[in-house]
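# Predicted model follows, preceded by the sequence.
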Amino acid sequence: MKINQLVVFLFLINFCSVASQEKLININWVDNKTYLSEFNSFNVPYFDNYTHNFEPDIGVTLTTQWIEDFIIDPNLVSIEKINYVTVNTSEVGSLDINSVPTKIDFKLNNSLSKKNRTLYLEFNPFFRQDNVLKKVLSFSIQYNKKRSQDNQKLSTISNSVLKYFLNPFPHLLASIALPFSLKRGILT
């Protein structure tokens with residue numbers, strides 16, 4: 001009986017440790033950076049340890065990716081342990097305050113290639129809380145492994161797409177083969 005309990009206990013520990021992962025993101029904020037366009041210049045908050053993107057309508061976005069051994073379930077992703085500070089509007093330069101979301105805004109998606117499974121994160125490091133602007137300094141992102149049944153559905157979809165690219169015109173092949181038929185072993 002004790003052996004059965006031990007096996008169940010070890011299984012649960014193994015399952016819990018593999019099923020959920022956590023990644024810590026520390027944002028290294030530095031001096032504002034000026035972006036130039038054809039007609040305007042934008043002086044916006046900048047960080048130098050992740051990919052920094054800026055679009056006037058969207059604002060500042062942090063993007064990063066890392067290799068993971070498994071496919072995640074994007075519906076089971078959460079942001080935890082958020083460390084942020086209040087900032088004045090004068091500190092954010094040309095950043096349009098109206099484009100800043102009222103809650104934490106992020107996306108974590110799977111990216112598959114022949115050799116790697118990577119996770120791709122897009123994160124808006126600013127948010128408004130009660131009309132007060134906040135800047136995120138660090139956070140952790142927690143995600144869970146996708147069930148194997150869902151992984152099979154994903155590979156089935158990618159295989160069907162691959163078949164399309166290998167033979168994008170199956171109706172042409174069918175129309176070419178239509179005049180020929182095999183009856184009783186004789187090609188007519």
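Arrived safely.

# Go through the helix or strand where Asn109 lies and flag the buried ones.
Using DSSP states H and E, Asn109 sits within strand 105-112. For strand 105-112, a neighbour-count test (16 or more other CB atoms under 10 Å) marks 105-106, 108, 110 as buried. Where you see a C-beta, it was placed from the backbone N, CA and C, and this is true even at glycine.

# Flag the shaky bits of the protein, pLDDT-wise.
1-19, 148-188 (pLDDT under 70).

# Show me the helices in it, by range?
Under the criterion DSSP state H, helices of the chain are mapped to 2-19, 148-166, 170-177.

# before we move on, back to that, in JSON lines, list the buried residues of strand 105-112 along with distance to Tyr46.
Converted to JSON lines, the buried residues of strand 105-112 look like this (distance: CB to CB, whole Å):
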{"residue": "Asp105", "distance to Tyr46": "19"}
{"residue": "Phe106", "distance to Tyr46": "19"}
{"residue": "Leu108", "distance to Tyr46": "23"}
{"residue": "Asn110", "distance to Tyr46": "29"}
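
# Can you give the domain ranges for this protein?
21-146, 147-178 (automatic domain parsing).

# coming back round to it: Provide the strand pairings for the strand holding Asn109, with the direction of each partner.
strand 117-124 (antiparallel) (DSSP bridges).

# Pull out the buried residues from stretch 49-68.
So for stretch 49-68, counting by 16+ other CB under 10 Å, buried means 50, 52, 54, 59-62, 65, 68.

# For it, measure first residue to last.
Using CA to CA, to the nearest Å, the end-to-end distance of stretch 49-68 comes out at 20 Å.

# Residues contacting it, please?
21, 23, 25-28, 33, 35, 40, 42, 44-47, 95-96, 99-100, 111, 116-126 (CB atoms under 8 Å, 6 or more residues apart in numbering).

# Point out the other helices and strands that the lengthiest strand in the chain packs with.
Secondary structure of the chain per DSSP state E: the longest strand is strand 132-144. Judged by 3 or more CB pairs under 8 Å, 6 or more residues apart in numbering; DSSP states H and E, strand 132-144 is in contact with strand 20-26, strand 78-86, strand 105-112, strand 117-124, strand 126-129.

# residues near Ser90, how many?
Applying other CB atoms under 10 Å, we find 6 residues neighbouring Ser90.

# ok, now how distant is it from Val30?
Going from Ser90 to Val30 by CB to CB, to the nearest Å gives 17 Å.

# And Gly59, by the same measure?
Going from Gly59 to Val30 by CB to CB gives 17 Å.

# What of Ser138?
Ser138 is 15 Å from Val30, by CB to CB.

# Repeat that for Pro45.
Taking CB to CB, one finds Pro45 at 9 Å from Val30.

# These two: who's more crowded?
Using other CB under 10 Å as the criterion, Pro45 and Val30 rank with Pro45 on top: 23 against 11.

# And the spatially closest residue to Arg117 that is not a sequence neighbour, its phi and psi?
Ranked by CB to CB, 6 or more residues apart in numbering and with sequence neighbours excluded, the top spatial neighbour of Arg117 is Glu68, at 5.6 Å. The phi/psi pair for Glu68 (degrees, to the nearest 10) reads phi -130, psi 150.
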